[in-house]
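Student: pasting the sequence and the predicted model now:
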Amino acid sequence: MAKPKIAIFDFACCEGCQLQIVNLEEEILSLLGVADVVEWREAMSEKSDEYDIAIIEGSITRMEDEERLKRIRGCAKVLIALGACAMTGGVNKLKNNFEDFEEVKKCVYGKAAGKPHLRTAVTKAVGEVVQVDYAVPGCPIDGKEFTYIVRSLLMGKKPEIPDYPVCVECKANGNPCLWQYDQVCLGPIIRAGCGARCPSNGFRCFGCRGYVDNPNVDAAKDVINRFGLNLDDLKTKMVLFGSKQEPTIYE
Amino acid sequence: MSVKEIAKNDFTRFVGTLIRTEKVFGVQAKGDRFDFAPLESAQDLRLDYDVTLQPPKKYFLPPAEVLLTYQVGGPYQSQLDGQEFILLGVHPYDMVAINQMDELFQQDNYDTHYMTRRHNATIIACDVAKPSDHVFASSMGTAVVKKGYDILLTDIGDSFVAEAATPKGEQLLAKAKGAAADAQALKKREDIWARNKKSLNKHELKCDPAYLPKVLAKAYKHPVWEEKAKTCFSCGSCNQVCPTCYCFNVQDDVNWDLKTGQRLREWDGCLLDGFTKVAPAHEFRKARADRFRHRLYRKATYVPQKLGGQIACVGCGRCVGACLPDIANPVNIYNRLIDDLGIG
C-alpha cells in the first residue's frame, strides 16, 4: 500500500503549532517512515495538490483565505485543524469583539492600516468555513498529542481527545487548586489533554484548548460568587481564547 | 510482634537508615500543603501533616501506567512494576481505603498490576496528629485502623510508639533503636486513639454508616441529585482525590511502525462526561445529575455490596476541599437524605 500523503498549510497564526511539529526532531523521521509529506512551507520548498491528509494551521481572516481553504478541502480526504487558531479561532477572534475593523486596523497598524495586504474580515475557525474531521487543540499544540492523532488515523482508528476538564489532569498531578491561591483558573471548563501544564507550573489555565463540550456556566457563576468575585473577573479571563465562542456569559 | 517506643531523634535516624537502603515514599510539605513524594532526607518527613493532597493509592494504581506492550495481531507482554518500596506515613482512613482496594483488586479478575505493587510495598501507617479541615473519619469508623499496615506509628509526644504487624514490619522495626513500649506509653496511645475516634469529625454523619445503604435504597429519585448537579462542573476532582475511587480507562497507543504498541491504563471518574460512553457512541449515564448520584451510590451501596457491607467512603474529606462549587461533601448529602427519608 502506498504511503498516505500529508500536506501542512498555514493561515492566520504565529506558526508556533507547526514549530511544535518541527520540534519533534528525530520523531519526524518516524513520521516520514509511514507517510509522505508533500507540502509544508515552514519546513520544505516542494508543493503539491495531491494529498490525502491536509493539516490546517491558523484561523481564517480574509475572504481570499476562505477560497484557498475550500480548494484544499476539495483535494483532501481528511482535514485536521491544527491548534487553537484553526480549531476555535483562538486569539485572532479577539478582533471580533469590535465592530469597526477600520478602527481596529488603525489602532494596530497605524499609518499602514490602509495597505491592501492588511485587508481583514471577521475571524473564523477552520470549521466555520469547511468540514473539519479532526482537531488538535492547544496554543501551541502538544507534540505528543499530535503524533498520537496522526498514528491513530494511519491505523484507521478514531483518536480519543479528552472531553473532560483540565482539573482531571491537574488533580492527577497532585496539584492544589489555584482558586484557593487567588487565581481565576479556567481549568474546570477547559478541555484536558495538555497534562495541566500551566496549573502544574503555578499559572492558571488560560483556556487555550477551548471549552469542553458541555461546560457548566451555572457552576462558573456560582463559584465566582462563592469567591467574592464578579462576572467581569471571569469574562476578562475567558476573552483571550474564548472570544465569540460558546459558552458566552451574559450578565 | 514487637511494640517499641522510639525517641524522636532515634526515629529520624531510623528513617535515615531506611532512605539509604530502600526506596521510600513519605509525606512531605508541598507549599503550604502536604503530599506523598520520594523521601530524600529524614528531615523532610512530616508525620504531623493533616491530610495529603493525593491519597497514597497512586503507588498501587498510578494515574497512568503501561499495562502491556503488544504486536498487532501477535503476542503481548505484560509490564509489571518490580521495585520494592516503603510507604511512610499513611493515615488510618487511607489505610482502610487501601484495605478495601486490596479486596476489590483481588475479586473477579485478579489485577496483577495492582497486586504486584501492593506486594512490593511495606506500609508504615501513622495515627493522625492533626485533623484536617474537612476530615470526618470519626463518623465513618476509620479514625483508627487495626490491619493492613506492616508498622503502625503513633506520636505520643517526645517519642513514637511503633507496632509491627507483619514479619516484614518486624524485620524493619528491628533496625530502629528503642525499648519495648511500657504501660505508660501504651496508655498514651490508647488515649490518642480514643481522642481521634471522636475528634476527626469536622462533618458529622447523622447515622451509623452501616445504615447508609438503607437510606439510599429510598433516595434514587430524591431532588438533591438535581439540585447539587446544577452547579457541578463534572470535573471529576472528587473522583481524582478520592482514596476509594478506582475506576480506570484503557486505551491502546500504537508505535510509529504501526505494528507494535502499548496498552495504557489511566484513572477515570464517574463524574466525567463520557465516562459511560460505549460503542457505538452510546452514553448510558449522560445526565450530570445521574453521574452525580452515581458517586454517592457507589460509596454507600454498590461497592459495599462487593465488600461485605463496608462503606467505600473513609471520611478523608479530600473531595470536600477539592470541590470548587462545594457540592461534593458526602456528609451533607447523606444527612439531607437522612433528614428527609429517615434511616429505617
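Tutor: In hand now; what should we look at? Residues are numbered from 1 along each chain as shown, chains lettered A, B, ... in the order given.
Student: pLDDT at residue 9, what is it?
Tutor: This is for chain A. Per-residue pLDDT puts A:Phe9 at 97.
Student: nope, chain B
Tutor: For B:Asn9, the predicted pLDDT is 97.
Student: which residues touch it?
Tutor: Shown in contact with B:Asn9 (C-beta atoms under 8 Å, 6 or more residues apart in numbering or on different chains): no residues. Bear in mind the C-beta positions are built from the backbone N, C-alpha and C, glycine included.
Student: please redo it, this time with the cut-off set to 10 Å
Tutor: Contacts for B:Asn9 (C-beta atoms under 10 Å, 6 or more residues apart in numbering or on different chains) come out as B:158-159, B:177.
Student: name the SS class of B:Asn196, please.
Tutor: Put simply, B:Asn196 is helix when judged by DSSP: H, G, I helix; E, B strand; the rest coil.
Student: tally of neighbours for it?
Tutor: Each residue near B:Asn196 was counted by other C-beta atoms under 10 Å in any protein chain shown, and the total is 22.
Student: what about the closest residue to it other than its chain neighbours, neighbour count?
Tutor: Nearest non-adjacent residue to B:Asn196, counting by C-beta to C-beta, 6 or more residues apart in numbering or on different chains: B:Ala143, 4.4 Å away. Counted with other C-beta under 10 Å, the neighbours of B:Ala143 add up to 28.
Student: helix/strand/coil for the most far-flung residue of chain B relative to its centre?
Tutor: What lies farthest from the middle of chain B is B:Asp257; by C-alpha atoms, centre = their mean that is 39.4 Å. Counting by three-state DSSP, the backbone at B:Asp257 sits in coil.
Student: and it, its phi and psi?
Tutor: phi -70, psi -10 (degrees, to the nearest 10).
Student: B:Ala137 too?
Tutor: phi -60, psi -30.
Student: pretty sure it is touching B:Arg318, no?
Tutor: No: contact between B:Ala137 and B:Arg318 fails when scored by C-beta atoms under 10 Å: they sit 11.5 Å apart.
Student: common neighbours of those two, please.
Tutor: Joint contacts of B:Ala137 and B:Arg318 (C-beta under 10 Å, 6+ apart) are B:51, B:93-94.
Student: which one of the residues you listed is nearest chain A?
Tutor: When the shared contacts of B:Ala137 and B:Arg318 are ranked by distance to chain A (C-beta to the nearest C-beta), B:Val51 comes first, at 11.4 Å.
Student: got the residues of the stretch 51-200 of chain B near chain A?
Tutor: Proximity of the stretch 51-200 of chain B to chain A is confined to B:52-54, B:58, B:62-64, B:72 under the rule C-beta under 10 Å from any C-beta of the partner chain.
Student: could you rerun that using 7 Å?
Tutor: Applying C-beta under 7 Å from any C-beta of the partner chain, we find that the stretch 51-200 of chain B lies next to chain A at B:53-54, B:63.
Student: now the helices for the stretch 151-251 of chain A?
Tutor: Along the stretch 151-251 of chain A, counting by DSSP state H, counting those that start in this stretch, helices occupy A:166-172, A:197-200, A:217-226, A:231-242.
Student: dump the ones you listed to JSON lines, plus mean pLDDT.
Tutor: Shown next, in JSON lines, are the helices of the stretch 151-251 of chain A (pLDDT from 0 to 100):
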{"stretch": "helix A:166-172", "mean pLDDT": "98"}
{"stretch": "helix A:197-200", "mean pLDDT": "97"}
{"stretch": "helix A:217-226", "mean pLDDT": "92"}
{"stretch": "helix A:231-242", "mean pLDDT": "90"}
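Student: which one of the contacts of B:Asn9 is nearest chain A?
Tutor: Closest to chain A, out of all of those and judged by C-beta to the nearest C-beta, is B:Ser159, at 31.1 Å.
Student: what strand or helix carries the residue of the stretch 1-150 of chain A found nearest chain B?
Tutor: In the stretch 1-150 of chain A, the residue that lies nearest chain B is A:Ser30 (3.6 Å; C-beta to the nearest C-beta). In this assignment (DSSP states H and E), A:Ser30 forms part of helix A:26-34.
Student: how about B:Asp290?
Tutor: With DSSP H and E as the test, B:Asp290 turns up in helix B:288-297.
Student: what sits against the spatially closest residue to A:Gln183 that is not a sequence neighbour?
Tutor: Spatially, and ignoring its direct neighbours in sequence, A:Gln183 is nearest to A:Arg204 (4.1 Å; C-beta to C-beta, 6+ apart). When contacts are counted by C-beta atoms under 7 Å, 6 or more residues apart in numbering or on different chains, A:Arg204 touches A:178, A:183-186, A:198.
Student: same check, this time on B:Cys238
Tutor: If you count contacts by C-beta under 7 Å, 6+ apart, then B:Cys238 has B:271, B:295, B:319, B:322-323, B:328 around it.
Student: likewise A:Val136?
Tutor: A:Val136 touches A:80, A:82-83, A:145-146, A:149, counting by C-beta under 7 Å, 6+ apart.
Student: hang on, the earlier thing: pick the most buried one from the helices of the stretch 151-251 of chain A.
Tutor: Looking across these with neighbours counted as mean count of other C-beta atoms under 10 Å in any protein chain shown, the highest average goes to helix A:166-172: a mean of 27.
Student: so which bits of the stretch 1-150 of chain A are right by chain B?
Tutor: A:30, A:33-34, A:148.
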